[in-house]
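Enquirer: sequence first, predicted model second:
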Amino acid sequence: MRQHASESARLSRRQFLVGGGVLLGAAATGLPTMAQAQGRRGEIIAGVSERALTLDPANHYSISATSVLRHIYDPLVDVTNDSKFVPALAESWRVVNNTTWRFTLRKGVSFHDGSPFNADSVVYSLKRVRDNSKLIKSFVYQDIETVEKDGDYAVNVTTKRPFGSLAAHLTMLGMLPPSAASQEDAFFQKPIGTGPFRFASWTHGDHVVMAANPSYWKPGLPKVEKVTFRFIPELSTRTAALRAGELHVIDRVPPDLVQTLKGSPGVRVLDVPAIETQRWHFQLAKEPVKDVRVRQAISLGIDRNVIIKDFLLGYGRPVVSPIPPGLIGHANLGQKPYDPQKARSILRQAGLRDVSVDWVLMKDLYPKQLEIAQAVAAMLSDVGIKVNIKNLEIATAREHRTAGTYDIFYSGWAHLPHDPDWFLGQWFTRAGAEKLTRYNNPRVEQLIAEGRVPDPKVRQQKYEELQRILWEEEPEIWPYYSVAIYAVSDKLRNFEARRDYYILLSDTSLA
Amino acid sequence: MRSYLVRRLWQSAVTLAGVSVLVFVILRVIPGDPAKMLLPEGAPQSAVEELNRQLGLRQPLYVQYGIFLRSVFRGDFGQSFQYRSPALQVVVERLPATLQLTLAAMLLTVAFGVSIGIVAAVRQGTGYDYAGTALAVLGQSLPNFWLGIMLILLFGVTLRWLPTSGFQGWRYLVLPSITLAAFPTALVARLTRSSMLEILSRDYIRTGRAKGLTERIVVLRHALKNATIPVLTVIGLQIGTLLGGAVITESVFAWPGMGKLVVDAIFFRDFPVVQTILILSATVFVLINLLVDVLYTVLDPRIRYT
């Protein structure tokens, strides 16, 4: 990148001349070439932690793949960093009744091949993800009943039951041209969307290159000529590449690398509270944690502040309700106290001696997880609970969860749609939790169903009530809300550290 | 020789059939559910079931194996679960990266390993010998992971002579191939040294010297050729291993080769990709071994196969 820098310095004079020429030309002919003259300039290179396996927006839940694909495809609805849903390809939407939504589409948008974006695209994209059960996102859209166009620029969607989080889920679904239908395999090798960048090339396992879409529908965007996403799963390598100036931005920086990065010239570190809650869930059908008193004792025996301070170096926040701040349903229920004495007395009063629990970890999934688990095990042994840590390969750990052969399971949940409905429906309904935690509380189940209506006031109220129940029942330990940490080159302008871990660069430029 | 080759090829086929059964069964016996790994954490059980059905994993094992075997003979290794494209294509796409890295590392190994070994043997007991031995010990004991990161920090971050990672041309190949070559170079150096020492004490070497051959010809023509046989065996085995994937080196340098691919595939229970890679690398391994055995006859005319 040092080379790059001097090159761009050298180029600047030439670019100035070219720019000047274009300006003169524009003045002479009166043509609106201002945007080009204003300088869409340079290439941003991002390093992300996971390799994209597919360029099909309906066929993954990978955060890195989303980062790539949000540049090629636009969703109907977009979401801001403070979890507000804003128009993208849908100019507006309206809740007709609890099970009917109407989307009014933006006019004058075209796909990268010049074909127009219209209702046919929405009908195809939505029906495809609902009907093709091989697609990873298919299960989310099973509640959709009909998708019908009303003219070229409106689509009505009806659902089998209230689906209040529909708009939220649609932020994660790029719209495809209907021409993809007959040849999907070939299409996703060279995909076409309406997004700010056009797909240029994909070296599998290494990088994806995208070039600016000069006729993007958002005026003045994008601000750079090219964006490249490199896949660098190894953390130290990703960090080194940024420090060497080969990258402009990296995601998933762990707290203990922050100091190194801050000390590197030309590097800035950005952090933002993520929409993710860490959660260690109990196996609720199994002794001894079936007993709420054991769960209470465990909760009281854990000093969450030590975890945040000593292991996360402050890059974590205390939990006050299972749904993280910023999302619908968040409430302040107060922090869970650390009180080992009370924990011991609860166990003593209940006559529970020699409590021993198995704690299953999915190997290397969460930063510092093993160290944190070991510290917690030490804290709990202090109140008389023996913890056996089982650090297992992910697939094996998940099999243990399905089989119910664990007491505590180390996990986390990022609310990628910026809505808690999926999380609650999965973990706190009988059907959802059947092969997971075996959670079963009819009242909570009812509140979740009632909380699916589109009315935000109703949802907030239902979610607050159900979280109060969860807070008492302690079906999980919520140790901390995660913090998303990014490191960027100081040449990057207007980069927003996203709470959903995405790297979005359409509005970002280079100095 | 011909009947020997036919016999060896036949044995190889049996070995490969055995490998295919083993790989197939082991993958399905180990815990872990492909659909669950493909779907996000909170996918409903019904979606898991449906996806498993779609992937053909709900049929009895022998039926699955029959389908697999039939397809393999048609050159079809099935669809990758993760990539949703033919497993063979997924694997073959990674071949250039793997081959480049393997070849570069092997060239370094042969060039440096053999030369260090010869120098150490010829100058036995001198500073050269000790330096060579020290290098060899280092090469064998430094973990690839650490060596790779150190090279990245020195040549990528501090000096900025070479790119830290990625796969975009020969400059990107330098650091990973050095990292990968460290261990086999050390191995070959030590082996060459001891093998050369043994040969150099033979009578015919003394005879060679006595009849006035230059030291160069004695060492390089008469000694080295005979000392090469054990070294060749090891190099052959190393090539086989490297082709099967240099997982750690590939991870450190974000190198899109087969090693990382197979580990991820095992991790995600992407059975078709694991099967394809293991069967291909077993084939290569078997063939290279055969080739090495044949090369013995070239190097040492006394070796004859019947």
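Expert: Thanks, I have it. Note that the structure is predicted; figures quoted are calculated from it, not measured. Residues are numbered from 1 along each chain as shown, chains lettered A, B, ... in the order given.

Enquirer: most proximal residue of the stretch 201-306 of chain B with respect to chain A?
Expert: Here the stretch 201-306 of chain B gets closest to chain A at one residue, residue B:256, 3.1 Å apart by C-beta to the nearest C-beta. In this view, the C-beta of every residue, glycine as well, is placed from N, C-alpha and C.

Enquirer: what number of residues lie near the residue nearest to that residue when sequence neighbours are not counted?
Expert: Leaving aside its chain neighbours, residue B:256 sits nearest to residue A:205 (3.1 Å; criterion: C-beta to C-beta, 6 or more residues apart in numbering or on different chains). Neighbour count for residue A:205, taken as other C-beta atoms under 10 Å in any protein chain shown: 24.

Enquirer: residue A:442 is in contact with residue A:469, correct?
Expert: No - look at residue A:469 against residue A:442 with C-beta atoms under 8 Å: they stay out of range, at 11.1 Å.

Enquirer: between those two, which is the more surrounded one?
Expert: Neighbours per residue, other C-beta under 10 Å: of residue A:469 and residue A:442, the larger number sits with residue A:469, 14 against 9.

Enquirer: which residues of the stretch 251-400 of chain A fall in strands?
Expert: A:267-282, A:316-317, A:355-362, A:385-392 (DSSP state E, counting those that start in this stretch).

Enquirer: redo those strands as JSON lines? Include mean neighbour count, distance to chain B and mean pLDDT.
Expert: Below are the strands of the stretch 251-400 of chain A laid out as JSON lines (neighbours: other C-beta atoms under 10 Å in any protein chain shown; distance: least, C-beta to the nearest C-beta, whole Å; pLDDT from 0 to 100):
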{"stretch": "strand A:267-282", "mean neighbour count": "20", "distance to chain B": "11", "mean pLDDT": "97"}
{"stretch": "strand A:316-317", "mean neighbour count": "20", "distance to chain B": "20", "mean pLDDT": "96"}
{"stretch": "strand A:355-362", "mean neighbour count": "20", "distance to chain B": "10", "mean pLDDT": "96"}
{"stretch": "strand A:385-392", "mean neighbour count": "17", "distance to chain B": "9", "mean pLDDT": "96"}
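
Enquirer: I'd like those strands as CSV, with distance to residue B:144 appended.
Expert: Formatted as CSV, the strands of the stretch 251-400 of chain A follow (distance: least, C-beta to C-beta, whole Å):
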stretch, distance to residue B:144
strand A:267-282, 27
strand A:316-317, 33
strand A:355-362, 25
strand A:385-392, 23
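
Enquirer: show me the helices in the stretch 201-306 of chain B, by range?
Expert: For the stretch 201-306 of chain B, helices defined by DSSP state H, counting those that start in this stretch occupy the ranges B:203-210, B:215-217, B:224-243, B:247-252, B:258-267, B:271-299.

Enquirer: angle of the last one against helix B:258-267?
Expert: Helix B:271-299 runs at 140 degrees relative to helix B:258-267, counting by axes from the mean of the first three to the mean of the last three C-alpha atoms, to 10 degrees.

Enquirer: could you pull out the buried residues of helix B:271-299?
Expert: B:271-282, B:285-286, B:288-290, B:292-293, B:295-296 (16 or more other C-beta atoms under 10 Å in any protein chain shown).

Enquirer: name the helices or strands packed onto that helix?
Expert: Judged by 3 or more C-beta pairs under 8 Å, 6 or more residues apart in numbering or on different chains; DSSP states H and E, helix B:271-299 is in contact with helix B:2-29, helix B:87-108, helix B:224-243, helix B:258-267.

Enquirer: out of the ones you listed, the one nearest residue B:118 is which?
Expert: Among the helices and strands packed on helix B:271-299, helix B:224-243 comes nearest to residue B:118, with 6.7 Å by C-beta to C-beta.

Enquirer: alpha carbons of that closest one, as CSV, please.
Expert: C-alpha atoms of helix B:224-243 as CSV (Å, rounded to 0.1, in the frame of the first residue of the first chain):
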residue,chain,number,x,y,z
LEU,B,224,25.4,-38.5,-4.0
LYS,B,225,23.7,-40.8,-6.5
ASN,B,226,23.8,-43.7,-4.1
ALA,B,227,22.9,-41.5,-1.1
THR,B,228,19.8,-40.3,-2.9
ILE,B,229,17.7,-43.4,-2.5
PRO,B,230,16.4,-42.9,1.1
VAL,B,231,16.2,-39.2,0.4
LEU,B,232,14.0,-39.8,-2.6
THR,B,233,11.6,-41.9,-0.6
VAL,B,234,11.2,-39.2,1.9
ILE,B,235,10.7,-36.5,-0.8
GLY,B,236,8.1,-38.6,-2.4
LEU,B,237,6.2,-39.0,0.8
GLN,B,238,6.5,-35.3,1.5
ILE,B,239,5.0,-34.4,-1.9
GLY,B,240,2.1,-36.7,-1.2
THR,B,241,1.5,-35.1,2.2
LEU,B,242,1.8,-31.6,0.8
LEU,B,243,-0.6,-32.2,-2.0
